[in-house]
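In: have a look at this prediction, sequence included:
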Amino acid sequence: MDFELSGEQQMLRDNVARLMKERYDFETRKAYQKEPAGFSDSLWREYAELGLLGAPFAEEDGGYGGGAVETMIVMEEFGKALALEPYLETVVLCGALIRHAASAEQRADLIGRIAAGDLRLSFAQMEPQSGYDLSDVGVTARRDGDAFVLDGAKGLVINGDSAGGLIVSARVAGGRRDRKGVGLFLVDGEAPGVSRRGYPTQDARRAAEISFANVRVEPQNVLGSPEDGAPAIERAVDETIAALSAEAVGAMSEALAMTVEYLKTRKQFGVTIGSFQALQHRASDMVVALEQARSMMFFATMSAGEDDADERAKAISAAKVQIGRSAKFIGEQAVQMHGGIAMTYEYKVGHLFKRLTMIDAAYGDADLHVRRLGDRGSLFV
Amino acid sequence: MDLQPSEDELAFRNEVRAFVRASLPASIREKSVAGRRLAKDDYVRWTRILAEKGWSVPHWPVEWGGTGWGPVKQSIFLDEVQRGNAPEAIAFGVSMVGPVIYTFGSQAQKERFLPRIADLSDWWCQGFSEPGAGSDLASLRTSARRDGDSWVISGQKTWTTMAQYADWIFVLARTNPQGKKQEGISFFLVDMKTPGVTVRPIQTIDGGHEVNEVFFDDVRVPLDAIVGEENKGWDYAKFLLTNERNGIARVGISKARLDRVRELAAISVYGSGPKMDDPFFRAKLASVEVELKALEMTQMRVISNLRKDGRPDPASSVLKIKGSEIQQATTELLMEVVGPYVLPYEDPEALTNEPPAGPDWAGPAAPNYFNYRKVTIYGGSNEIQRGIIAKAILGL
Ligand SMILES: Cc1cc2nc3c(=O)[nH]c(=O)nc-3n(C[C@H](O)[C@H](O)[C@H](O)COP(=O)(O)OP(=O)(O)OC[C@H]3O[C@@H](n4cnc5c(N)ncnc54)[C@H](O)[C@@H]3O)c2cc1C
């Protein structure tokens, strides 16, 4: 095992860190948030120029041949800056669906456009009733000759209001919660029959409720087997959780750094509050929580490419548990140790805390994953 | 020792419960249950209903509108009002400045202010904290100097809760820069309409507007705006903060929120059944209930041992720590019950009729969790409370 980054990876980290430092201070972020899509269009172009948007794709598909480690590096830096752009949705999540389900022809078309910054995608997967059950799919895909026709409602589609394209999970066969019978369909965001209602989210991003009425999908826009999309979906979500772990670690390390800085400067009772042992020990516990989370980020990253679905799912659940627990502790304590100032919307710490809270909720919180893991058996086989 | 509640106490509990049920306007109750913000009018309306019944300031001396109830009855009253989802009394008036005025104020101040606090004709806010003076309140720098027949106040207060609604503010200001910092502070009553008082909103992380900055720019108030003696304000503030901490366990509020958790857990269905069918969740809920029961008993013990000398009981720090932690735990349970639809954000200040993205009960869960981080920060942070326990209870 070697935790050292290669020269190229180090360069990637430095590049992203520099871009975030120059273009993503907290005040500038407030302006990005007010843009129509809720993030910065011009930064998206810069991500493309830096090669970030094509990073995890194979070179023969038009990407730059990176993998889970490159994604981890990018996401950790994004986490520190609370970057708003839909990198996770487009590149990581939809990127994984494309890598695992799409044909060579589809990959050549889509990945090139993603890498160039011309196409942003969201995965329309959750439904109002589905909770975090990936197999719970009520949207139907009815065969009509070679094509399919989609009907039904999706919910909580992150950045679904601005995405150029939507990858929609829809049921071709079987009962509502059957793992079998679900396909993946690529739909233009503006296609006839698609209606999107966008709204802001608790963590200053955007999401959408999307309904599909008689939406026609031509055969070239069906990704993979329309009857058996579940393995690709599960795998893509596992990779996404690994990437989210890195984002969370970035946000946690930033929350800790801000807290330590505050402990060193805020004075009460004539001394810096960092001189109080009660706070020193709490900050030390935050370090412990962060390091445990960072380790599980690595574990998730190394397991993201695991082909054995069961082993991969166990590893990912384990990481999600640790990330959720550490995020809660670090987020809450960062607020507590700042006192009143952390309760203000103006100040970054509260936003890190809120993002961490929503990362825990995404794809099932720590409690849900600890149950899943308990059901699957030991991590130490 | 008689651990059973008396017949009289039981009857009283039923009486209060029936009263709240019958008198609390449904629109207010619904907002409270849902965890949505109440408007100023909601507070005023409910306070008037209580005042009519003679119950708006039960703990005050009878001559100023109090009920003469002993501490146990008062606590039963508070518990029932809270559990019944009635608005909380605006503590700044009835629990803070009111008792300071009837204990240390002049006869003229009592007559002028107390009746108007009791029916919420005057809304008060608390001008203690400053940017540089939070936990270390005594280091405050807002100053008041005498100039002819006025005091002139200059400085800045912050985190002033609901100052946007307030008619009056009570202010700690330094009247003597020399000597020990606790000894040069006085306690002032200031009309918010006085020239030179400016209120600037602070938005909190949940998006709401409940706190403010309040600026005093050479604010001229009459000599009788001071309470009690000059330079004795710190003593009055300590007296006041003890009163603040007594109500802070908020057992009834946590009970009401757990009622809500149970209600929603029965209808929040993802996958095969309602949240309440999940044994892991039920165990978590039960654990919080155990803590709350213990806190309720602790509160009863503290109340029945109230010190006769009126000095602060360090056990109130136990109530503050546990009470605030439990309140936070209840907001976490609610988020878990709501599930994925905690994510959409509804602007609490916006007046829109757009239906929410998820179930209509989902919206307030995350903002309330975020907002409730405040309860371990204000009212003497939990770190400060632990310090008090270490010193005053353990003698460390
Ligand atoms: C929502 C909200 C509403 C409020 N409403 C009002 C109001 O209406 N009127 C008013 O006057 N004030 C109000 N306050 C202010 C509140 O009382 C202060 O926030 C509180 O006293 C803490 O002060 P601070 O925020 O400056 O934090 P600091 O005192 O700077 O504390 C920062 C951190 O250091 C810790 N700390 C400080 N001293 C010690 C120590 N000796 N040992 C160990 N740890 C320590 C604290 O616990 C905290 O974790 C409100 C605050 C909030 C958040």
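Out: Nice, thanks for sending it over.
In: apart from its chain neighbours, what residue comes closest to the closest residue to the ligand within the stretch 1-150 of chain B?
Out: Among all residues of the stretch 1-150 of chain B, residue B:134 sits closest to the ligand, at 1.8 Å; criterion: Cβ to the nearest ligand atom. Quick note: C-beta positions are derived from backbone N, CA and C, even for glycine. Closest residue to residue B:134 in three dimensions, ignoring its sequence neighbours and counting by Cβ to Cβ, 6 or more residues apart in numbering or on different chains: residue A:339, at 5.5 Å.
In: just say helix, strand or coil for the one you found.
Out: Under DSSP: H, G, I helix; E, B strand; the rest coil, the three-state class of residue A:339 is helix.
In: any idea how far the ligand is from it?
Out: 2 Å (Cβ to the nearest ligand atom, to the nearest Å).
In: count the residues that sit near that residue.
Out: Applying other Cβ atoms under 10 Å in any protein chain shown, we find 21 residues neighbouring residue A:339.
In: hmm, residue B:135 and it touching each other?
Out: Yes - Residue A:339 lies in contact with residue B:135 (Cβ atoms under 8 Å); the separation is 7.2 Å.
In: find residues that contact each of the two.
Out: residue B:381 (Cβ atoms under 8 Å, 6 or more residues apart in numbering or on different chains).
In: thinking again about what came up before, can you pull the contacts of the residue nearest to residue B:134?
Out: Applying Cβ under 8 Å, 6+ apart, one finds that residue A:339 lies in contact with A:266, B:134, B:135, B:377, B:381.
In: which residues in the stretch 251-396 of chain B form strands?
Out: The residue ranges that make up the strands of the stretch 251-396 of chain B, judged by DSSP state E, counting those that start in this stretch, are B:269-270, B:273-274.
In: what about the longest helix along chain B, near chain A?
Out: The helix spanning the most residues in chain B, taking DSSP state H as the definition, is helix B:279-304. Yes - using Cβ under 8 Å from any Cβ of the partner chain, helix B:279-304 reaches chain A at B:280, B:281, B:284.
In: between those, which has the most around it?
Out: Neighbours here are counted as other Cβ under 10 Å. On that basis the top member of those is residue B:281, with 19 neighbours.
In: buried stuff in stretch B:186-200?
Out: Buried positions in stretch B:186-200, judged by neighbour count with 16 or more other Cβ atoms under 10 Å in any protein chain shown: B:186, B:187, B:188, B:189, B:190, B:192, B:194, B:197, B:199.
In: so does that stretch get close to the ligand?
Out: No - contact between stretch B:186-200 and the ligand, assessed by Cβ under 6 Å from any ligand atom, is absent, since the two come no nearer than 12.1 Å.
In: pLDDT below threshold where in the stretch 251-381 of chain A?
Out: When residues are selected by pLDDT under 70, none of them lie in the stretch 251-381 of chain A.
In: now residue 86: phi and psi?
Out: I'll assume chain A. Note on residue A:86: backbone dihedrals following degrees, to the nearest 10 are phi -80, psi 50.
In: my question was about chain B
Out: The main-chain torsion angles of residue B:86 are listed as degrees, to the nearest 10 and equal phi -80, psi 160.
In: residues contacting the closest residue to it other than its chain neighbours?
Out: Nearest residue to residue B:86 in three dimensions, chain neighbours excluded: residue B:24, at 5.1 Å (Cβ to Cβ, 6+ apart). Residues near residue B:24 by Cβ under 8 Å, 6+ apart: B:46, B:49, B:84, B:85, B:86.
In: cool, and residue A:340?
Out: Per Cβ under 8 Å, 6+ apart, neighbours of residue A:340: B:129, B:134, B:158, B:159, B:211, B:374, B:377, B:378.
In: out of those, which are inside helices?
Out: In this view, the contacts of residue A:340 have no member that belongs to helices under DSSP H.
In: what is the neighbour count of residue B:282?
Out: Other residues lying near residue B:282 total 14 when counted by other Cβ under 10 Å.
In: how near is it to residue B:132?
Out: When Cβ to Cβ, to the nearest Å is applied, the distance between residue B:282 and residue B:132 equals 47 Å.
In: again, but for residue A:250
Out: From residue A:250 over to residue B:132 (counting by Cβ to Cβ), the distance is 32 Å.
In: more crowded one of those two?
Out: More crowded of residue A:250 and residue B:132, by other Cβ under 10 Å: residue A:250, with 27 against 14.
In: what's the per-residue pLDDT of the residue nearest to that one when sequence neighbours are not counted here?
Out: Nearest in space to residue A:250, with sequence neighbours left out and distances taken as Cβ to Cβ, 6+ apart, is residue A:79 at 2.4 Å. The predicted structure scores residue A:79 at 98 on the pLDDT scale.
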